[in-house]
Structures are given as structure tokens and as C-alpha cells.
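Q: The sequence isn't on hand, but the structure is:
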């Protein structure tokens, strides 16, 4: 399967926007396996609105509370089973969006990084550009490397910060593939107007 797992250094760093950008530009399939906080519009709905050319697949698990997946599931008397997180059949690239960062628990034993490892997809790390991002990003990259998960690179969201970008590339040993500036609003038209990604997906079977 050719695709990418979009993870982040934290919650609210812009994973859904980046996922919509990639899904639209690559005409890819999009899948968020575990969705919490479904009382409002969820991320699958948002990506469907921002990326009309993408094919949206429903989550395997949906929970109402805007909490970590393991806790949101527990409150509804459920448990997330990693073996039930089976990627949908696709004819092209698949963009998978995770919940929060790599150390977010999915159940009492498994973390998100365990799920990424099972999928055998390269990871794309979404990070803020502001103060604090160096530490958060380097910790995320370190864990992915220790688990031998291929890293596509980093996308930074927010006002450009050349010093932070240089530090992440130098100490993280990865390229910052894109820097997305703050948007006045997130609409399909604005996402369509973003530049095409200057990078390609990796095919895990070729490595």
C-alpha cells in the first residue's frame, strides 16, 4: 500500500489541514481510523469539505468525548482493538491521519506508534513553527526512528521561523518539506490554491 501516516507533535497542530492538502493535491483516499470529539464536525467531515477530490473513508471507531482515544473509548464502554483497524481498499495513495501524537494511547496497552508500525507506512510529522516545537519535534522523530518507522519529513504550520526550521533539520536529520502559513480561513478554495507538495509518497514495498 502506498501512502503516508500523518502524525503530529501535539493535538491542534494542523494535521487535518495537512491531510486535506495532501488528499486534494494527490487525489488520494483519506482515512482517520479513530475519531474522538464527534459532537461537532469531525475530521473526516472537515477533510471531505476541504478536499472535494479525495475519497473519504469512515473511521473504524468514533467516540463523542474530545479526549485521548483510550479514555474516550473507556467512557463509552468500548475498547479499541488494533486488529480491527484495517485500512480500506484503495486504488491509489492513502492518507491516514492519527489522533494526536505518536505517544497517544489507543487502549491500555497500545500507543499510536504501535499502530503506525503495524501499518508499515512512512510517517509525516506535522509541527508548529512557534517556540517549543524543536523539543516536541525531535522527541517525535526519535521515537519513530527507534521503532524503525520510515520518516517522510516534517511540515511546519504557522509563521515562518527560520531558526526553528534549521534546528529541526540539523538535529532531527530530516527535511522540512513544507511551511504552511496561517490561513484566513480553511475552505476548499484556499486549500486548492495552496502550492502542490514538493515531495512524493514513499512506497514501503520498494525499501
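A: That came through, no problem. Given the structure is predicted, the values throughout are model-derived calculations rather than measurements.

Q: quick one: the helices in the chain?
A: 15-25, 43-50, 69-75, 112-119, 133-146, 162-172, 188-193 (DSSP state H).

Q: Would you mind listing where the protein has pLDDT under the threshold?
A: In the predicted model, the chain carries pLDDT under 70 at residues 1, 40, 201-207.

Q: quick revisit: most packed of the helices of the chain?
A: helix 15-25 (a mean of 24; mean count of other Cβ atoms under 10 Å). All C-beta spots, glycine's among them, are computed from the backbone N, C-alpha and C.

Q: That helix to helix 43-50, inter-axis angle?
A: Following axes from the mean of the first three to the mean of the last three Cα atoms, to 10 degrees, one obtains 40 degrees for the angle between helix 15-25 and helix 43-50.

Q: Give me the neighbour count for residue 152.
A: 20 (other Cβ atoms under 10 Å).

Q: separation between residue 97 and residue 166?
A: 28 Å (Cβ to Cβ, to the nearest Å).

Q: thought residue 164 was touching residue 136?
A: No. Taking contacts as Cβ atoms under 8 Å, residue 164 lies outside contact range of residue 136: 10.7 Å.

Q: would a markdown table of the helices of the chain with distance to residue 81 be doable?
A: Shown next, in a markdown table, are these (distance: least, Cβ to Cβ, whole Å):
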| stretch | distance to residue 81 |
| --- | --- |
| helix 15-25 | 23 |
| helix 43-50 | 20 |
| helix 69-75 | 10 |
| helix 112-119 | 11 |
| helix 133-146 | 23 |
| helix 162-172 | 33 |
| helix 188-193 | 33 |
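
Q: Which one of these lies nearest to residue 127?
A: helix 133-146 (4.5 Å; Cβ to Cβ).

Q: Identify the residues contacting the closest one?
A: Contact partners of helix 133-146, identified using Cβ atoms under 8 Å, 6 or more residues apart in numbering, comprise 7-10, 101-103, 113, 116, 123, 125, 127-128, 151, 154, 156, 161, 164, 167-168, 171-174.

Q: Keep only those of the residues you listed that are in strands.
A: Members of the contacts of helix 133-146 lying in strands (criterion: DSSP state E): 7, 8, 101, 123, 125, 127, 128, 151, 154, 156.

Q: wait, what's in contact with residue 183?
A: 17, 190.

Q: Distance of it relative to residue 32?
A: From residue 183 to residue 32 the distance is 20 Å (Cβ to Cβ).

Q: out of the helices of the chain, nearest to residue 63?
A: Nearest to residue 63, of the helices of the chain and by Cβ to Cβ, is helix 69-75 at 3.7 Å.

Q: Which strands or helices does that closest one pack on?
A: Here helix 69-75 touches strand 34-36, strand 61-63, going by 3 or more Cβ pairs under 8 Å, 6 or more residues apart in numbering; DSSP states H and E.
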